[in-house]
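1. here is a sequence with its predicted model. Questions after.
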Amino acid sequence: MTPNFRISIQFYPVFLGIMLMVIPGCYAQHKTNSISLKQSIALIDSAFQHDNPEDFNKLVPVKNVQDFFASVVEEKLKKQSGKSQIILADKDSALVFLSGILLYGSSGDETNYSSNYTGIYKFERKAGSWSLKSRLEIDRLNQIRKHRLRINIVPGKSITVKDTLTIDVNDSYGFATKLNHTAKLEKLVLNGSETAFSFNSGLLWLKAHRKKNQTLIIDYTINVERDETDKNSGYFGDAYGHLRNQYFWHPFFSFSSPNDRADFSLYCTIPKAYHMATSLPQKEIVIGDSRIIEAKSGNPTFGLSIYYDKDWEVNTFKKDHIDLVVYATKDFLPEKQVLYAEFSKSYDTLQKHFGRPIGNYLGIIQDRSNSNGWKNRSNSIVVAGAKGGTLTTDRPNPRATFAHEVAHGWTSPTGPATNFLTEGWATYAESVLLSSVYGDSIVTRFFKSQKQNYFNGKYNGNSSLWEDYSNSGVSYAKGAWLFYILSHQLGKKNLSTAMTNFIQSGNQSIQSFTSQLSAVAQSDMEPFLDSWLKSKEIPALEILQSENNIKIRQARDLFLFPLEFKIRLKNGTYLTKTINMNTKEQVLTVTEGEIESYVVDPNDKLLFIMK
């Protein structure tokens, strides 16, 4: 499609002569020469296209980018350097847009994964040579406040979007946002005028002065894949299709940024033969040959998903202030009335313990491109596969998978530990629902299975709750366990009070969560939480028994927690003792008699390993 505007941008291509300099092993012979900014950029562009992490690391001294590049090389993914651009430059420092794309499947997944490299970097000049020093987070100062989206869906083919954004630009580099790298831009206007921009490898950058409440209009079309072997992020078939938020079909920063939680309004058209569901509360009318869907967010949110299907029926139920809307074919299972009953039970139980959820709408969406089961939660919808699968079970491992997705309606956090407050919370909520169905004895079994999930996933030593921005999986098991530990340490009632206050506060950051816990505990909970959230491990205990003492040592990272012992004395009596672990080594002294044996954590209240 031919653009209807002209923008002049100067790029800095990789010249053949420079490319020859960075074949593996050749970097060292140039490190003593003066390197211009253009040369430094070209060296990095070329290194990205090769498969030598050692050479790449010398040029890009950013640890998480180096780790990403090493994984790409290990997985042998096809990659391609994009066009790079100098955004700002003075005598000794510069900001540069570096880009590179991975080409291995869905364009949405490619955009998402490539963003680990593509971005804005700071360069500095020392002793006459320019080199990369650090990476800037694109959302560190800027904000997306509103989206006004006009969308047209051509089933089996494409989506055309006109997005009118309200943005705050507070950063020196201008404004940048992620967008599916296959989008064909037709028009880009800032505050009514054309502006310099660059769009490459899934990152859109535009020149913008610092100012609040600016209006950015972007028109574009995406031809959506219909790959029968890869339908996860995006798929447009003739009968049904979808775009998940991870397809990046509209601009936003990331999955856990507090700065792209925006107010959304959507006006969508699709042929009337199809039903369509957005991930927001919506209404629809049919005019002529088109079905028109209007949707609006009740609270600031991010990353929308859309689904369509020729054979859906739409059924609406009412539960207190919640509209439950089911978009599914006639043969979808569980049946609609069963779903409503299960939703009502989950809603009543969670509301009893944690107050009302955030919104007043829940959609249940059948995604026929997917296998059976409860797949994910996106904004105000729960997505199922072709069939919904089991709702609640106690065998072989206790699960309440449908209730897990319902529970997401109570939290919408941003920033560090986002997935602890989403997936960890929802998994913990499962235990509350299971207890209401099967009794309290099920809870111990549930958390034993979550402990096994933690070890099976090989998260210990590799992933922290604090930095789990990409939802690696650690937040489900370890996150749920942290809530479980809190329920014992504070008491279930106090944890419920803290969660209710947190949910209703309107501030769902980890700082707010910590503040609410501290208020009910009447003590500072930050040191305790930090030890569990920021470590990539769980407590590793070494225990040594003597006649009257039990010596406990934390072999690795220091965690704060109460540790319980059931002790048998040599005279046959039993004692229960608790020691608050707050240093690497502590001693529990028994004055009632000589110790014969002990059981550590007899009621399975703690997640730990023995050394």
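-> Nice, I can see it.
2. quick check: bridge partners of residue 588?
-> Using DSSP bridges, the bridge partners assigned to residue 588 are residue 550.
3. show the pLDDT at it.
-> pLDDT, the model's per-residue confidence, is 94 for residue 588.
4. can you pull out the helices in this structure?
-> Defined through DSSP state H, the helices belonging to the chain, from first to last, are 16-19, 37-49, 53-59, 63-75, 107-114, 336-354, 401-407, 418-419, 425-438, 441-456, 474-490, 492-504, 510-521, 526-534.
5. okay, the ones you listed, which one's buried deepest?
-> Among these, helix 418-419 has the highest mean neighbour count (mean count of other C-beta atoms under 10 Å), at a mean of 26. Bear in mind the C-beta positions are built from the backbone N, C-alpha and C, glycine included.
6. give me the contact list for it.
-> Applying C-beta atoms under 8 Å, 6 or more residues apart in numbering, the contact partners of helix 418-419 are 255-256, 465, 468-469, 471, 475, 479.
7. cool, and stretch 361-371?
-> 231-232, 235, 237, 239-242, 277, 279-281, 298, 307, 309, 312, 322-329, 332, 339, 343, 375, 380-386, 388, 406, 409.
8. which of those residues fall within strands?
-> 235, 240-242, 277, 307, 309, 322-328, 375, 381-384 (DSSP state E).
9. buried subset of these?
-> The neighbour count (16 or more other C-beta atoms under 10 Å) marks 235, 240-242, 277, 307, 309, 322, 324-328, 375, 381-384 as buried among the ones in strands among the contacts of stretch 361-371.
10. pLDDT below threshold where in the stretch 51-200 of the chain?
-> Low-confidence segments of the stretch 51-200 of the chain, defined by pLDDT under 70: none present.
11. can you map out the strands along it?
-> Along the stretch 51-200 of the chain, the segments classed as strands by DSSP state E, counting those that start in this stretch run 79-81, 85-89, 93-98, 100-102, 119-126, 129-136, 143-154, 158-169, 175-178, 184-190, 197-200.
12. redo the ones you listed as a markdown table? Include distance to residue 208 and mean neighbour count.
-> Below are the strands of the stretch 51-200 of the chain laid out as a markdown table (distance: least, C-beta to C-beta, whole Å; neighbours: other C-beta atoms under 10 Å):
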| stretch | distance to residue 208 | mean neighbour count |
| --- | --- | --- |
| strand 79-81 | 26 | 19 |
| strand 85-89 | 11 | 17 |
| strand 93-98 | 13 | 21 |
| strand 100-102 | 24 | 24 |
| strand 119-126 | 13 | 18 |
| strand 129-136 | 15 | 17 |
| strand 143-154 | 12 | 19 |
| strand 158-169 | 5 | 20 |
| strand 175-178 | 5 | 26 |
| strand 184-190 | 6 | 17 |
| strand 197-200 | 9 | 20 |
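13. relative to residue 513, which of these is closest?
-> Residue 513 sits nearest to strand 143-154 of all those, at 22.0 Å, using C-beta to C-beta.
14. show me where pLDDT drops low in this protein?
-> Regions of the chain meeting the criterion pLDDT under 70 cover residues 1-33.
15. domain map for it?
-> By the record's domain assignment, the chain is partitioned as 16-136, 143-332+358-369, 401-534, 540-610 (automatic domain parsing).
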